[in-house]
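> only the shape, not the letters, is given here:
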Ligand SMILES: *Cc1c(COP(=O)(O)O)cnc(C)c1O
């Protein structure tokens, strides 16, 4: 089965990991800070803390924003469930706001309408790698006295008005799952503009442990001493995986260029296939495309999905509206809340897109679609 996404691993990556395995540090060693410094090279210098995966990154980001019971988080339903569930798990109430009809990104006006005095965070998702409307959402967040969070699991390497994703929101989260723009097998990151927020993020992801003498309640106990002033979790990303991430990051520019090329080719060769709607791009963004999110019109998405799968083409649907999941339905969320997101879901189909996809493989996908729809 031709997958919809997959990792690109070279001998360089394998050698880097092998060297790491032979080193003194499998985890909590120097490769962690080195990978974090390399990542900051992609966020305009905004610090990034590595964590175990993208879901963990969201958990950490909401904890660092001090989201808890009584707070509200405004977010999009057109995302992976973790964007919402990691706020729910901390006791917050998730408020879903609808998406823009064309990009499927959180609509700033819908977000503004969803804000209340309890709104603590507004969380957008750079769907498919296309940046959200950062400037507009920043205004909404500032007016609400809330933090802006970007779930950039799809979008490391993307830019918005010349500025990189990771430098734009108060908190940005990344995922390094194999299908994403770069991989550490499992892995993620949290970028934060405010050093205090970053400090809370690092502490929460490292069991809540504090070692800085100025922050200890009893600073004179001895060199071994640490304290846990608030609970945390262990979401460390080990050195072995940070080494893989550093090696991958050197090729992120190449991955982006190849994804751009493949997206342009899909756009060109699918333009005259009937019954499709192709992805859009605002003129002021430069996406590192994670997904090629096509829309199949006339109620034929399921048929096209089944037929492509039967031909060994591993298309995917991204995403089931988050509040359709029983855990949200059981809390009282109802279908129909965000009609644009639901319409998008009913038509969406993600075609294979990854750096090592060949033109021949891509042509096979295009021809199969043409056969089904013409
Ligand atoms: C992949 C993804 C996540 C979760 O990342 P994991 O590393 O798989 O935990 C969160 N949000 C979005 C939008 C994603 O695509």
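Right, received. Where do you want to start? Keep in mind that this is a model prediction, so the values were computed, not measured.
> interface residues of this structure facing the ligand?
Proximity of the chain to the ligand is assessed by C-beta under 6 Å from any ligand atom, with 53-55, 79-80, 82-83, 125, 151, 153-154, 175, 177, 188 identified as the residues in range. (C-beta placed from N, C-alpha, C; glycine too.)
> what about residue 101, neighbour count?
Residue 101 sits with 13 neighbouring residues when counted by other C-beta atoms under 10 Å.
> how is it assigned, secondary-structure-wise?
In terms of secondary structure, residue 101 is coil; the call rests on DSSP: H, G, I helix; E, B strand; the rest coil.
> residues in contact with it?
Listed by C-beta atoms under 8 Å, 6 or more residues apart in numbering, the contact set of residue 101 reads 340, 343-344.
> quick one: the helices in this protein?
Secondary structure of the chain, counting by DSSP state H: helices at 11-21, 30-40, 54-64, 82-88, 108-114, 134-144, 195-205, 239-249, 252-270, 301-310, 326-329, 339-347, 359-373.
> any idea which of these is most buried?
Among the helices of the chain, judged by mean count of other C-beta atoms under 10 Å, the one packed with the most neighbours on average is helix 54-64 (a mean of 28).
> packing partners for it?
Packed against helix 54-64, as judged by 3 or more C-beta pairs under 8 Å, 6 or more residues apart in numbering; DSSP states H and E, are the following elements: strand 48-51, helix 82-88, strand 147-151, strand 171-175, strand 188-192, helix 195-205.
> can you list contacts of it?
Helix 54-64 has contacts (C-beta under 8 Å, 6+ apart) with 49, 51, 73, 80, 82-83, 86-87, 89-90, 92, 121, 149, 151, 153, 171-177, 180, 188-190, 192, 197-198, 200-201, 204-205, 233, 235.
> any idea how far it is from the chain center?
Between the centre of helix 54-64 and the centre of its chain there are 11 Å (C-alpha atoms, centre = their mean, to the nearest Å).
> now that helix: average pLDDT?
Within the predicted structure, the mean pLDDT of helix 54-64 is 98.
> same check on stretch 68-77?
Per-residue scores along stretch 68-77 average to 98.
> repeat that for stretch 294-303.
Mean predicted confidence for stretch 294-303 is 98.
> what's the first-to-last distance across it?
From the first residue to the last, stretch 294-303 extends over 14 Å; the measure is C-alpha to C-alpha, to the nearest Å.
> between its first and last residues, how far does stretch 25-32 reach?
10 Å.
> which residues touch it?
Contacts of stretch 25-32 with the rest of the structure, by C-beta under 8 Å, 6+ apart, involve 20, 23, 50, 236-240, 242-243, 246.
> which residues of the chain score low on pLDDT?
Low-confidence segments of the chain, defined by pLDDT under 70: none present.
> most centrally placed residue in it?
The chain has residue 153 as the residue nearest its centroid, 1.5 Å off, counting by C-alpha atoms, centre = their mean.
> quick one: that residue and residue 179 touch, right?
No: in this structure residue 153 lies outside contact range of residue 179 using C-beta atoms under 8 Å: 10.0 Å.
> got any residues that touch both of those two?
Among the neighbours of residue 153, those also in contact with residue 179 (C-beta under 8 Å, 6+ apart) are residue 290.
> ok, the spatially closest residue to residue 44 that is not a sequence neighbour - contacts?
The spatial neighbour of residue 44 that comes closest, neighbours along the chain excluded (C-beta to C-beta, 6 or more residues apart in numbering), is residue 167 at 3.8 Å. By C-beta under 8 Å, 6+ apart, residue 167 lies in contact with 43-46, 191, 193.
> any idea how far the ligand is from residue 167?
19 Å (C-beta to the nearest ligand atom, to the nearest Å).
> the nearest residue to residue 369 once chain neighbours are set aside: neighbouring residues, count only.
Distances taken as C-beta to C-beta, 6+ apart put residue 273 closest to residue 369, at 5.9 Å, once the chain neighbours are dropped. Neighbouring residues of residue 273 were enumerated by other C-beta under 10 Å; the total is 17.
> how is this structure divided into domains?
Per the record, the chain has its domains at 11-249, 252-373, by automatic domain parsing.
> can I get those domains in TSV including distance to residue 3?
Supplementary listing: the domains of the chain in TSV, determined by distance: least, C-beta to C-beta, whole Å:
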stretch	distance to residue 3
domain 11-249	8
domain 252-373	5
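> state the distance from residue 301 to residue 344.
Separation of residue 301 from residue 344 (C-beta to C-beta, to the nearest Å): 11 Å.
> give me the common contacts of the two.
By C-beta under 8 Å, 6+ apart, residue 301 and residue 344 have these common neighbours: residue 295.
> pull the number of nearby residues for the nearest residue to residue 7 once chain neighbours are set aside.
Spatially, and ignoring its direct neighbours in sequence, residue 7 is nearest to residue 178 (4.1 Å; C-beta to C-beta, 6+ apart). Residue 178: 17 surrounding residues under other C-beta under 10 Å.
> so the nearest residue to residue 76 once chain neighbours are set aside bridges to which residues?
On the basis of C-beta to C-beta, 6+ apart, the spatially nearest residue to residue 76 that is not a chain neighbour turns out to be residue 106, at 4.2 Å. For residue 106, the beta-bridge partners are residue 99 (DSSP bridges).
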